[in-house]
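1. With the input below, show me the fold.
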Amino acid sequence: MAAYQRGQTVKLTNLFTDTAGAAANPTTVICKVEKPDGTEATYTAISTPAILNPVTGTFTLLIPTDQSGMWTYRWEGTTGDTKAVDEEQFHVAGSAFA
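-> Residues are numbered from 1 along each chain as shown. A predicted model of the protein is given here:
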C-alpha cells in the first residue's frame, strides 16, 4: 500500500482492458474517492479535477491530500452492459506542521 504526506498530490491510475486482455477505453469512466473522514466525491472527465486518458485504456486523476489517514478510491468503467471496477487504498501520514 502506498503512503504519502498530507498536502501531497497523489496520482491515481487505472488500466482498463477488454475480455482479451488488451487495453481498451470504456464508454463511461468515473473515479470515486473517499477521504478519511468519510466524505466522498465522484470524478469524471468534466469534473475538477478531471479524469485524464493519456493512452488507450489508461486513466489518471490527480488528488490533493488534505487529510491524514486512509483514503479509498474506486474506478468504474462501463461499456454497454459490461462494467469493470477496481478499488484501492493509500495512507496519508500526519504532519507536525499542520
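2. Any idea what the closest residue to residue 55 other than its chain neighbours is bridged to?
-> Taking CB to CB, 6 or more residues apart in numbering as the measure, residue 55 lies nearest to residue 23, with 7.5 Å between them; neighbours along the chain are not counted. In short, each C-beta sits where N, CA and C put it, glycine included. Legend: beta-bridge partners of residue 23 under DSSP bridges are residue 17.
3. when you give positions from now on, start the count at 7
-> OK, 7 is where the count begins now, so the last one is residue 29.
4. low pLDDT regions in the protein?
-> Low-confidence segments of the chain, defined by pLDDT under 70: 104.
5. which residues of the protein fall in helices?
-> For the chain, helices defined by DSSP state H do not occur.
6. Nearest residue to the middle of the protein?
-> Among the residues of the chain, the smallest C-alpha distance to the mean C-alpha position (CA atoms, centre = their mean) belongs to residue 18, namely 4.4 Å.
7. Might you report the residue contacts of that residue?
-> Applying CB atoms under 8 Å, 6 or more residues apart in numbering, we find residue 18 in contact with 37, 39, 66-69, 79, 81, 94.
8. give me every residue that touches residue 39.
-> Contacts for residue 39 (CB under 8 Å, 6+ apart) come out as 18, 46-49, 67, 69, 77-79.
9. Which one of those is nearest to residue 89?
-> Distance to residue 89 across these (CB to CB) is lowest for residue 48, with 15.1 Å.
10. Apart from its chain neighbours, what residue comes closest to the closest one?
-> residue 38 is the one closest to residue 48 (CB to CB, 6+ apart), at 5.1 Å.
11. Check the gap between residue 58 and residue 39 for me.
-> With distances defined as CB to CB, to the nearest Å, the gap from residue 58 to residue 39 amounts to 15 Å.
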